[in-house]
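# have a look at this prediction, sequence included:
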Amino acid sequence: MTEHRQERVVRAAERPSRLVILGHPVAHSLSPVFQNAALLETAIPLVYDREDVAPDGLADALRRLAAEGAGGNITIPHKEAATALVARCTPVALRTGAVNTFWTEQGDLIGHNTDVDGAAATIRALLPVDSSAAGDTSVVLLGAGGSAAATLVALHSLGYHRLTIVARTTARAHALSERLSIPAEIVPPDAIERVVRRAGLVINATPIGLRDDALPMPVAFLPARCAVFDLVYRRGLTPWIAAVREAGHRAEDGLRMLVEQGASAFETWFDVPAPRETMWGALDAAPPTHGSP
């Protein structure tokens, strides 16, 4: 069986002076909602803010935040660009090629990736199996960008190795698989039905469904007992996850991943347990529950 590895726990050497999420756009982000609730619950005297930063302003924004001793998160479309703009990346950020969490140490920005933790937590909730059973499960991943990289690393750490990537640009998917040293079958979108028909888990790591009601793939392609994970999240379920659940499949959107990556970031910044129940409560939600797989 292919070896798998767990990424080591990372903690910041210095607590941030302030917290902020950078994105473009960023007004829709729910991170301030649950992070501010967590800060209040743990009596940490900081406020978590949003900053809308266009791509051509990212370098200046990061320099300013480093001077302030700040920490925070980075979201679309800056995760991959940030890897070249921080002073140092943690091993998991280097491996994924994306930064979604940062903090300052002695005036230098450190880039990290907690999306891996969020993806792993969701996959474990959907398919609570050991590594040997995971190794027998066929997984189809849609997409080959930064989110797909984090998801592949999470799958690898959990022992999944029967992996297929469906990507419009197959060369990009091949490059991703080779860079991560995670073998995967690479197929174009016109092969999606063939590979999904044999899958035990299908994961959407594309932005399809983020801003409209488009579906990443037809629900009818899913075989019986196939679980589904959509990294996209919206208030209420994404249309795809709503349809998948109606068809009787175990399925989650990206909300657990959002909370878990945020909880991992919180624990990295402050080295205290994240109050997950409070974070979920701030979103007027609770972790989805599932029956036996």
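Good, I have the coordinates.
# for the closest residue to Ala191 other than its chain neighbours, name its beta-bridge partners.
Excluding the flanking residues, the one nearest Ala191 by Cβ to Cβ, 6 or more residues apart in numbering is Val166, at 7.1 Å. Every C-beta, even on glycine, is put in place using the N, C-alpha and C of the backbone. Going by DSSP bridges, Val166 is paired in beta bridges with Leu142, Val187.
# mind checking how far Val166 is from Ala199?
10 Å (Cβ to Cβ, to the nearest Å).
# which of those two has more neighbours?
The residue with more neighbours, out of Val166 and Ala199, is Val166; 28 against 21, by other Cβ atoms under 10 Å.
# for the more buried one, what are its contacts?
Shown in contact with Val166 (Cβ atoms under 8 Å, 6 or more residues apart in numbering): Val140, Leu141, Leu142, Gly143, Val187, Pro188, Pro189, Ala191, Ile192, Val195.
# could you check the pLDDT of the fifth one?
What that stands for is Val187. Each residue has a pLDDT score; the one for Val187 is 98.
# show the contacting residues for the closest residue to Ala286 other than its chain neighbours.
Nearest non-adjacent residue to Ala286, counting by Cβ to Cβ, 6+ apart: Trp280, 5.5 Å away. Listed by Cβ under 8 Å, 6+ apart, the contact set of Trp280 reads Phe34, Val259, Ala286, Pro287.
# okay, and Trp280 sits in which element?
Taking DSSP states H and E as the definition, one finds Trp280 inside helix 276-282.
# in that helix, what's buried?
By 16 or more other Cβ atoms under 10 Å, the buried positions in helix 276-282 come out as Arg276, Met279, Trp280, Ala282.
# wasn't Val9 part of a helix?
No: assignment of Val9 by DSSP: H, G, I helix; E, B strand; the rest coil gives coil, placing it outside any helix.
# please renumber the chain so that the first residue is 51 from this point on.
Yep, numbering from 51; the last one is Val59 now.
# next, count neighbours for it.
Val59: 10 neighbours (other Cβ under 10 Å).
# separation between it and Lys129?
For Val59, the distance to Lys129 - Cβ to Cβ - is 21 Å.
# mind exporting the helix holding Trp330 as PDB, just the C-alpha atoms?
What follows is helix 326-332 as a C-alpha-only set of coordinates in PDB (Å, rounded to 0.1, in the frame of the first residue of the first chain):
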ATOM      1  CA  ARG A 326     -15.400  25.000  17.500                       C
ATOM      2  CA  GLU A 327     -18.900  24.900  19.000                       C
ATOM      3  CA  THR A 328     -18.900  28.700  19.300                       C
ATOM      4  CA  MET A 329     -17.600  29.000  15.700                       C
ATOM      5  CA  TRP A 330     -20.400  26.900  14.300                       C
ATOM      6  CA  GLY A 331     -22.900  28.700  16.500                       C
ATOM      7  CA  ALA A 332     -21.800  32.100  15.000                       C
END
